[in-house]
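Student: no FASTA, just this:
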């Protein structure tokens, strides 16, 4: 079974430019998460989707960040415009609702963003 | 609010020696606790979890952890370190398992180095 797929793996942009990250969760997983991991720190949740609905976006900086999950499958996270402080690894995770393992989150490899 | 403290950002052990990675948490309700491992340029992989029941939980690759409520701890151990255990380890807590997933709060991580 394929895991969580993210692209691109690496991205270097200049500040004030836009950038987008894509995530394809594990098939059948209806909950999708975006995390940001700064250097030397643990991941921090940005947004959580249940199917198409964003149920927790309290940590998403809405002035420059946006996300969507069309049709409840793939998701895109966008930053516009990017700032130097946005340099980090952006992780996508998914989980399956139902059964005893509904709380287990499966992570993708992440997208490493460098803003210059 | 939940929080996780991992004591020691770097731990170094010799191959074959005991591995002990410390994790203390803060939660207002009975917590769900997790340990994840992250290898370079990869996503996080679940090692083990505690939800309810037996306080000593066993995970993959010979790791185990014990939930101690009185000490608010969930330390990770492995009797004999292997070179392949070198990675970064994250402790995480969740105080709510909703029908569609949960919010994880991660510690800052501990980098484990294994010396030959």
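Tutor: The structure has been received and is ready for your questions. What you see is a predicted model; the values in this text were computed from it and never measured.
Student: and the nearest residue to residue B:40 once chain neighbours are set aside, bridged to which residues?
Tutor: Counting by CB to CB, 6 or more residues apart in numbering or on different chains, residue B:40 lies nearest to residue B:87, which is 7.8 Å off, once chain neighbours are set aside. Using the backbone N, CA and C atoms, a C-beta is placed for each residue, glycine as well. Beta bridges link residue B:87 to residue B:112, judged by DSSP bridges.
Student: most proximal residue of chain A with respect to chain B?
Tutor: Residue nearest to chain B within chain A: residue A:42 (3.0 Å; CB to the nearest CB).
Student: leaving aside the residues adjacent along the chain, what's closest to that residue?
Tutor: Nearest one to residue A:42, counting by CB to CB, 6+ apart, is residue B:106 at 3.0 Å.
Student: wait, residue B:58 sits on residue B:47?
Tutor: No: if you go by CB atoms under 8 Å, residue B:58 and residue B:47 don't touch, sitting 9.9 Å apart.
Student: which one's more surrounded, these two?
Tutor: Between residue B:58 and residue B:47, counted using other CB atoms under 10 Å in any protein chain shown, residue B:47 has the larger neighbour count: 23 against 11.
Student: next, give phi and psi for residue B:93.
Tutor: phi -130, psi 150 (degrees, to the nearest 10).
Student: surely it is in contact with residue B:5?
Tutor: No: at 10.4 Å, residue B:93 does not count as touching residue B:5 under the criterion of CB under 8 Å.
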